[in-house]
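Chemist: based on what follows, work out the 3D shape:
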Amino acid sequence: MKNKILPASILIVLFLFSSAASALQPVVAVHVAIHGYDAVAYFKQAKPVAGSPQFHHKWKDAIWFFSSAENRDLFKEDPQRHAPQYGGYCAYAVSRNTTAKIDPQAWKIVDDKLYLNFSPKIQKKWEQNMEERIAQADENWPKLLG
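Modeler: Numbers count the residues shown, from 1 in each chain. Just a heads-up that it's a prediction; the model follows:
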């Protein structure tokens, strides 16, 4: 009986301690970029590859996961080169002066830049008029940032 009470009491103390500690510190939301997909893999492997928390890097208030230490290190050397355009929001949405979430499977590299879209269906729409959509999104993005 003692063995069952001791672990439970330790859990209660840890819970109370963590609750008290969190009341003193602001809560920080953690954003995982590209839903945990490896940004460098789009360039090196020409496909979306799930990253691993084992190979992570914090950049621009987000945690970025990578499929290897090599990809993580390449990203660290030049994050702007590998990060998706428009803060990782849907390129089609930004071209329409708004933002939307993305599907890591809906992607394209154009002029050595990674663009993500909301869905494969939206991706096809974006690709129909891609150059004009990119130009419009480039114009809209600074205004959307505030």
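
Chemist: what's the host helix or strand of residue 54 packed up against?
Modeler: Assigned by DSSP states H and E, residue 54 belongs to strand 52-59. Judged by 3 or more CB pairs under 8 Å, 6 or more residues apart in numbering; DSSP states H and E, strand 52-59 is in contact with strand 62-66, helix 69-77. All C-beta spots, glycine's among them, are computed from the backbone N, C-alpha and C.

Chemist: what's the mean pLDDT across the first one?
Modeler: When pLDDT is averaged along strand 62-66, the result is 97.

Chemist: buried residues, that strand. List them.
Modeler: 64-66 (16 or more other CB atoms under 10 Å).

Chemist: got a list of contacts for that strand?
Modeler: Outside strand 62-66, the residues within contact range by CB atoms under 8 Å, 6 or more residues apart in numbering are 30-34, 36-41, 50-53, 55-58, 72, 75, 79, 88.

Chemist: geometrically speaking, which residue is the centre of this protein?
Modeler: The residue lying closest to the centre of the chain (CA atoms, centre = their mean) is residue 33, at 1.1 Å.

Chemist: tell me what the helix or strand where residue 135 lies is packed against?
Modeler: Residue 135 is part of helix 130-145, with elements assigned from DSSP H and E. Helix 130-145 is packed against helix 91-95, strand 103-110, with contacts defined by 3+ CB pairs under 8 Å, 6+ apart.

Chemist: need those in JSON lines (columns: mean neighbour count, mean pLDDT and distance to residue 119).
Modeler: As requested, those are arranged in JSON lines below (neighbours: other CB atoms under 10 Å; pLDDT from 0 to 100; distance: least, CB to CB, whole Å):
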{"stretch": "helix 91-95", "mean neighbour count": "26", "mean pLDDT": "98", "distance to residue 119": "9"}
{"stretch": "strand 103-110", "mean neighbour count": "16", "mean pLDDT": "98", "distance to residue 119": "5"}
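
Chemist: right, and these - which one's nearest residue 133?
Modeler: Checking these against residue 133 by CB to CB gives helix 91-95 as the closest, at 4.0 Å.

Chemist: same for the closest one, what does it pack against?
Modeler: So helix 91-95, by 3+ CB pairs under 8 Å, 6+ apart, packs with strand 113-117, helix 120-128, helix 130-145.
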